[in-house]
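A.B. asks: coordinates only, no sequence provided:
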């Protein structure tokens, strides 16, 4: 086909997409007006919200159904976003029985810091499998304003929690659970999405508390740092719009449609009504909008902790070498099928590594690795606290420090 023919096909494809987009938008607008003006959507939302508060996400009902869960009182000074007011967070602590494993006493406890717009229900399947199938004691919790924990106080000044706030809160939860478990072992931290950034921020401030860390799809701090303004602006706009539309019932419908495929793999500890109900409360939209800034703060602290080793600080050639290094092992994780091993190099796309691969034994990489190790900070005390938004004595005026982009 001639170049002119190719251009025509591309133009036609773009035109069809635009037409379908406009038709979809028009259909959505008509449906929205019909459901809203007739009162059907608001009435359904009012009924379901009332039902949520009485049953699905009622603290008393949940605590009776789940004896492994409890509300933990947090002093106001732990998280400065609380305005100095004490609050309660929901904790889920699962311990293996004698039937689950004979090695429970030898295994370290596991903690799950939550991701952005998620809660302790989101990782409940993973928590239950770790406990029942592998014998781990697992702690999962909702931060201030998240999920089943208390919302921000009425006097809240819209100051989002910083990395230090969420790290102190996590430390308080761990210390409390250690007293319950009668253990002082180092923890394994499993962070999904934003939870990975919370975990690395925690390890920066409490380096001797964690013995192992699993990053489950956490975004690189350099990417988030570059995208800072976009994340903060777009994230809050979306949450504010969804919050204002909550009374119409459309956010509930959107959440149900978006989660339809993933709900079956989240485990059976909680019901669909509970998953959706937690996300349809006012505090969900408020907290998610604020935690975009918390995420940036965690990334800020990560960069400061890496120092000269941070990807935003090292040179282009070093980044190229890191990108070209083939992994020791490569797997595909499918929620429905489990972990599937794949060839380390041939199944990685050329958009990732082009056609050249490096191994750890290559001279170029060995020289880089030796120099890279020399750039490491010697102790946590060397972290440049001036460049972080972590409630240090003199934090920068910008709410998330000095960011690129």
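C.D. replies: Received the coordinates, thanks. Quick caveat: nothing in here was measured; it's all calculated off a predicted structure.
A.B. asks: low-confidence bits of the stretch 101-250 of the chain, can you list those?
C.D. replies: Residue ranges of the stretch 101-250 of the chain with pLDDT under 70: 101-104, 156-157, 220-232.
A.B. asks: where do the strands sit along it?
C.D. replies: Remark: strands assigned in the stretch 101-250 of the chain by DSSP state E, counting those that start in this stretch are 110-112, 138-141, 187-192, 210-216.
A.B. asks: tabulate the ones you listed (CSV), appending mean neighbour count and distance to residue 56.
C.D. replies: Where C-beta positions appear, they are placed from N, C-alpha and C, glycine not excepted. Output for the strands of the stretch 101-250 of the chain, formatted as CSV (neighbours: other C-beta atoms under 10 Å; distance: least, C-beta to C-beta, whole Å):
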stretch, mean neighbour count, distance to residue 56
strand 110-112, 25, 22
strand 138-141, 26, 18
strand 187-192, 23, 23
strand 210-216, 15, 27
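A.B. asks: of the ones you listed, which is nearest residue 293?
C.D. replies: For the strands of the stretch 101-250 of the chain, the distance to residue 293 is smallest for strand 187-192, at 18.3 Å, taking C-beta to C-beta.
A.B. asks: can you name every helix or strand that the closest one contacts?
C.D. replies: If you count contacts as 3 or more C-beta pairs under 8 Å, 6 or more residues apart in numbering; DSSP states H and E, strand 187-192 packs onto strand 110-112, helix 194-205, strand 210-216.
A.B. asks: hang on, residue 33 in a helix?
C.D. replies: Yes. Under DSSP: H, G, I helix; E, B strand; the rest coil, residue 33 falls within a helix.
A.B. asks: sorry, back to before: okay if I get the strands of the stretch 101-250 of the chain as a markdown table plus distance to residue 129?
C.D. replies: Below are the strands of the stretch 101-250 of the chain laid out as a markdown table (distance: least, C-beta to C-beta, whole Å):
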| stretch | distance to residue 129 |
| --- | --- |
| strand 110-112 | 11 |
| strand 138-141 | 9 |
| strand 187-192 | 12 |
| strand 210-216 | 14 |
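A.B. asks: ok, which of those comes nearest residue 235?
C.D. replies: Closest approach to residue 235 among these is made by strand 187-192 (17.8 Å; C-beta to C-beta).
A.B. asks: burial count for residue 178?
C.D. replies: 15 (other C-beta atoms under 10 Å).
A.B. asks: distance of residue 76 from residue 108?
C.D. replies: Distance, residue 76 to residue 108, using C-beta to C-beta, to the nearest Å: 31 Å.
A.B. asks: three-state assignment of residue 270?
C.D. replies: coil.
A.B. asks: so what's it scoring on pLDDT?
C.D. replies: Per-residue confidence (pLDDT) for residue 270: 85.
A.B. asks: so who does it touch?
C.D. replies: 121, 124 (C-beta atoms under 8 Å, 6 or more residues apart in numbering).
A.B. asks: which phi and psi does it have?
C.D. replies: Backbone torsions of residue 270, given as degrees, to the nearest 10, read phi -130, psi 160.
A.B. asks: what are the contacting residues of stretch 62-72?
C.D. replies: Against stretch 62-72 from outside (C-beta under 8 Å, 6+ apart): 59, 88-95, 141, 148, 172-173, 176, 269, 274.
A.B. asks: I should have written stretch 248-263 there, sorry.
C.D. replies: Against stretch 248-263 from outside (C-beta under 8 Å, 6+ apart): 32, 35-36, 41-42, 44-45, 48, 242, 245-246, 272, 275-276, 279-280, 335.
A.B. asks: tell me which residues in that stretch are buried?
C.D. replies: Buried residues in stretch 248-263, counted by 16 or more other C-beta atoms under 10 Å: 248, 249, 250, 251, 252, 255, 259.
A.B. asks: could you find the closest non-adjacent residue to residue 111?
C.D. replies: Using C-beta to C-beta, 6 or more residues apart in numbering and skipping residues adjacent in sequence, the residue nearest residue 111 is residue 139, 4.6 Å away.
A.B. asks: quick check: beta-bridge partners of the one you found?
C.D. replies: Beta-bridge partners recorded for residue 139 (DSSP bridges): residue 93, residue 111.
A.B. asks: contacts only, for it.
C.D. replies: If you count contacts by C-beta under 8 Å, 6+ apart, residue 139 has them with 91, 92, 93, 109, 110, 111, 112, 173, 174, 177.
A.B. asks: at 7 Å what do you get?
C.D. replies: Contact partners of residue 139, counting by C-beta atoms under 7 Å, 6 or more residues apart in numbering, are 91, 93, 109, 111, 173, 177.
A.B. asks: same question, residue 376
C.D. replies: Contacts of residue 376 were listed using C-beta under 7 Å, 6+ apart, and they are residue 309.
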